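Visitor: what follows is a predicted protein model with its sequence.
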Amino acid sequence: MTKKPRILVVDDEAAIRESLNDWLLEDGYEVGLAEGGERAVAMVMEKKWDVVLLDLKMPGMDGLEAMEKIKAARPDSEILMMTAFATIDTAVQAIKNGAFDYLVKPFDPDQIEMQIRKIISHKELVMENILLRQQLEEKSRYDEIIGTSDAMQDVFDLITRVAPTDSTVLITGESGTGKELVAQAIHGNSKCCYMPFIAVNCGALPETLLESELFGYEKGAFTGAEHTKQGRFEMADKGTLFLDEIGDISLKTQVNLLRVLQEKQFRRVGGQELISVDVRILAATNRDLQKGILENRFREDLYYRLNVITIHLPPLRERKEDIPLLATSFIRRYCLEINKDERNISPSALKSLMEYRWPGNVRELENVIERALVIGRGNEITTGDLPFSQKSPGPKTLPKSLKMMEKFHIESILDDNEWNISRSARELDIDRQTLYNKIEKYTIKRH
Amino acid sequence: MTARPYIIKLKNTPSNGINLLPIGPVDHDILRHLSESITEHCNMPCSIGQETEIPEHTLNQTRKQYDSKLILKHLMMHGPPEPLRLIGVTGVDLFVPILKYVFGIAQIKGRCAVISLKRLSPRFYDLPPDDALFKTRVEKTALHELGHTFGLTHCRDLHCVMTSSTKISDTDGKHSAFCITCFELLKWYREKLMD
């Protein structure tokens, strides 16, 4: 941790608070003092404390009750319970309720120092672990973008050129082409690669939820907002914010988003304070935004703000020469994952893969390979292991009722698109809400 | 970053330096050694004051120890006003309410500190007397608390005199000197004080 760790001391005895304050200041910590449980909870709501030294027995709100409230508000604040009357029962109770450990007053000086250092280094390790995982994921994800086709070589060139800049990038392409992988690769090769990469799937959230997700909210902003929450913009400060399915956001959210992009400032939902952020924006969509502008579904000014540089990912059917390489790579990875010997792919199966249209693109190919490896028994993947080689139900099996025909058709499109609602709705040429209504009406369930 | 003896050289050496104030009976030989050591390490005049009695109210009858915070307050209120820094030296065992004992206590960025010789003596640990070891421990404890009065906090260099001492082996493990970072910080804090 680069900043001073913060420690909150909660005890009803002034002498205890003062002596702990002096001791902790000598160690260079930022110290806060609270004379009771109620005050401690209020201070925890105001700001985050790394460690809370909490007296068990206090008049009014006691230590156990205060701990419950503190943990509910700030789950990552660690609690060291203190008491002059140690019993096994209270110790067990405190630890069961979430205390990090338990100290009996007065402490041995090295006891308190050791406990606090243990907590701080534990928190440092957790943070380091998150950062390392993130870096590893970013690195491997970059490796996951596979392709020797000219189209993909152009994509790689563009990624290399735009990554070190601060420019906003719009990544376009059909579902399953790997837009998020490209965003990860841009971030991983940018100046802010050690800062957070935060992704938001704008299409997966309703308007009100998306606003609070992006901008955060203040305590009491709406029912259920029990404490102040940071939004994704704040989380991504100094790093990258990836807005996936940007074409699906409402016009109202588009206005708010445009304001942040222009002013680099925003207010949390229900808040007054203007919060400044320094965030690089990467956005992605599988929609035709220019068509959206013509149909008044997408703001032109936002489009030009996002579309500084465009990276278009070709669909898999337009770069079929990459299929053998992609298939081999997925086979290698999944054989390792499911602990099977590496398998080959038969020439006829490969021919089927090359001939298939791949509406779900690389993601679909990945799923097909995984399925073939799980269900297949031989030393190689054959056409029999591929789902699209099996005959689909012929006209004789179709229902006669128009309603049942509609149900059957929707089911079939949903299955084809692995229940991706946006993609299925587009294929059916209806909006997502209508599709949800029909799923409910016909009680269609995923098999 | 290993602790080595750095001597503070200031642009303006202050006329009023550090005063060691014995609280209760303290061996004069120890005080003289401490005075010389502080002068050497801090390049500041260090004088020895008149012995003063241990204030009665600072004794905690239950714990049979003296409240270091109350002694510190007594020093702040009744100690001589001239010295830049005032270090109380006492032979009694000190505590703060939350801890079982302390070797010393200081006002961070303040004027006063107090150290106890009780737990620095090998005899406290049922070991044979060792004058040299005892003097070194006293010197380290006093330099440490003095560092706090100038605004230094605990140092991560285990050899630096500003590393935290929660048990006597910590004190024995460090050197009687500031590491280069603490030395530079101390110099900076002192120069700021002189401006």
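Guide: Happy to help now that I have it.

Visitor: any stretches of chain A with poor pLDDT?
Guide: Filtered on pLDDT under 70, chain A yields the residue ranges A:1-3, A:86-88, A:131, A:133-144, A:389-399, A:447.

Visitor: now do the end-to-end distance for stretch A:203-218.
Guide: Terminal residues of stretch A:203-218 lie 24 Å apart, using C-alpha to C-alpha, to the nearest Å.

Visitor: check which residues of it are buried.
Guide: A:203, A:205, A:210, A:211, A:212, A:213, A:214, A:215, A:216, A:217, A:218 (16 or more other C-beta atoms under 10 Å in any protein chain shown). For every residue, glycine as well, the C-beta is placed using N, CA and C.

Visitor: ditto for stretch A:431-447
Guide: In stretch A:431-447, counting by 16+ other C-beta under 10 Å, buried: A:435, A:438, A:439, A:444.

Visitor: in which helix or strand would I find the first one?
Guide: Assigning secondary structure by DSSP states H and E places residue A:435 in helix A:432-441.

Visitor: what does chain B have sitting close to chain A?
Guide: Contact residues, chain B versus chain A (C-beta under 8 Å from any C-beta of the partner chain): B:69, B:95-102, B:105-106, B:108, B:148, B:153-154, B:164, B:166-167, B:170.

Visitor: ranges for the helices of chain B?
Guide: Taking DSSP state H, the helices of chain B run over residues B:28-42, B:68-78, B:131-149, B:168-173, B:180-194.

Visitor: just the ones you listed: most buried one?
Guide: With neighbours taken as mean count of other C-beta atoms under 10 Å in any protein chain shown, those reach their highest mean count in helix B:131-149, at a mean of 22.

Visitor: just want the angle from that helix to helix B:180-194.
Guide: Put simply, helix B:131-149 runs at 50 degrees to helix B:180-194, going by axes from the mean of the first three to the mean of the last three C-alpha atoms, to 10 degrees.

Visitor: so how far is helix B:131-149 off the chain centroid?
Guide: 6 Å (C-alpha atoms, centre = their mean, to the nearest Å).

Visitor: ramachandran angles for residue A:115?
Guide: The phi/psi pair for residue A:115 (degrees, to the nearest 10) reads phi -60, psi -40.

Visitor: how about low-confidence regions in chain B?
Guide: For chain B (pLDDT under 70), the answer is B:1-16, B:195.

Visitor: ok, back up a step: from the buried residues of stretch A:203-218, which ones fall inside helices?
Guide: Using DSSP H, the buried residues of stretch A:203-218 in helices are A:210, A:211, A:212, A:213, A:214, A:215.

Visitor: what sits against the third one?
Guide: Pointing back at residue A:212 there. Remark: with contacts taken as C-beta atoms under 8 Å, 6 or more residues apart in numbering or on different chains, residue A:212 is in contact with A:221, A:222, A:225, A:229, A:231, A:269.

Visitor: which of the residues you listed sit farthest apart?
Guide: Greatest spatial distance among the contacts of residue A:212 (C-beta to C-beta): A:222 and A:231, at 13.9 Å.

Visitor: looking at the two, which is more packed in?
Guide: residue A:231 (22 against 11; other C-beta atoms under 10 Å in any protein chain shown).

Visitor: distance check, that one against residue A:170.
Guide: 22 Å (C-beta to C-beta, to the nearest Å).

Visitor: then residue A:14?
Guide: 60 Å.

Visitor: which one of those two is surrounded by more residues?
Guide: residue A:170 (22 against 11).

Visitor: so which residues of chain A form strands?
Guide: A:6-10, A:30-34, A:51-55, A:78-83, A:101-104, A:169-172, A:197-201, A:240-244, A:265-267, A:274-276, A:280-285, A:309-312, A:344-345, A:380-381 (DSSP state E).

Visitor: count of neighbours near the closest residue to chain B within the stretch 151-300 of chain A?
Guide: The nearest approach of the stretch 151-300 of chain A to chain B comes at residue A:194, 23.1 Å away (C-beta to the nearest C-beta). Residues lying near residue A:194 (other C-beta under 10 Å) number 11.

Visitor: what does residue A:425 give?
Guide: Neighbours of residue A:425 (other C-beta under 10 Å): 20.

Visitor: do you know how far it is from residue A:249?
Guide: 16 Å.

Visitor: now residue A:51: closest residue in space, sequence neighbours ignored.
Guide: Leaving aside its chain neighbours, residue A:51 sits nearest to residue A:7 (4.7 Å; criterion: C-beta to C-beta, 6 or more residues apart in numbering or on different chains).

Visitor: that neighbour is in contact with residue A:24, isn't it?
Guide: Yes - Residue A:7 lies in contact with residue A:24 (C-beta atoms under 8 Å); the separation is 5.5 Å.

Visitor: find residues that contact each of these two.
Guide: Common neighbours of residue A:7 and residue A:24, counting by C-beta under 8 Å, 6+ apart, are A:31, A:116.

Visitor: so for these two, which residue has more residues nearby?
Guide: Neighbours were counted for residue A:7 and for residue A:24 using other C-beta under 10 Å; residue A:7 has more, 25 against 22.

Visitor: who's in contact with stretch A:155-171?
Guide: A:145, A:147, A:179, A:182-183, A:185-191, A:246, A:261, A:280-285, A:289, A:305-314.

Visitor: can you tell me which of those are up against chain B?
Guide: Applying C-beta under 8 Å from any C-beta to these, none is adjacent to chain B.

Visitor: for stretch A:271-278, what is the distance to the chain centroid?
Guide: The chain centroid and the centroid of stretch A:271-278 are separated by 22 Å, computed with C-alpha atoms, centre = their mean.

Visitor: distance between the ends of that stretch?
Guide: 19 Å.

Visitor: likewise stretch A:271-283?
Guide: In stretch A:271-283, first residue to last residue: 26 Å (C-alpha to C-alpha).

Visitor: can you list contacts of that stretch?
Guide: With C-beta under 8 Å, 6+ apart, stretch A:271-283 has contacts from A:166, A:168-171, A:183, A:186-187, A:190, A:192, A:216-218, A:221, A:233-234, A:236-244, A:246, A:260-261, A:264-268, A:306.
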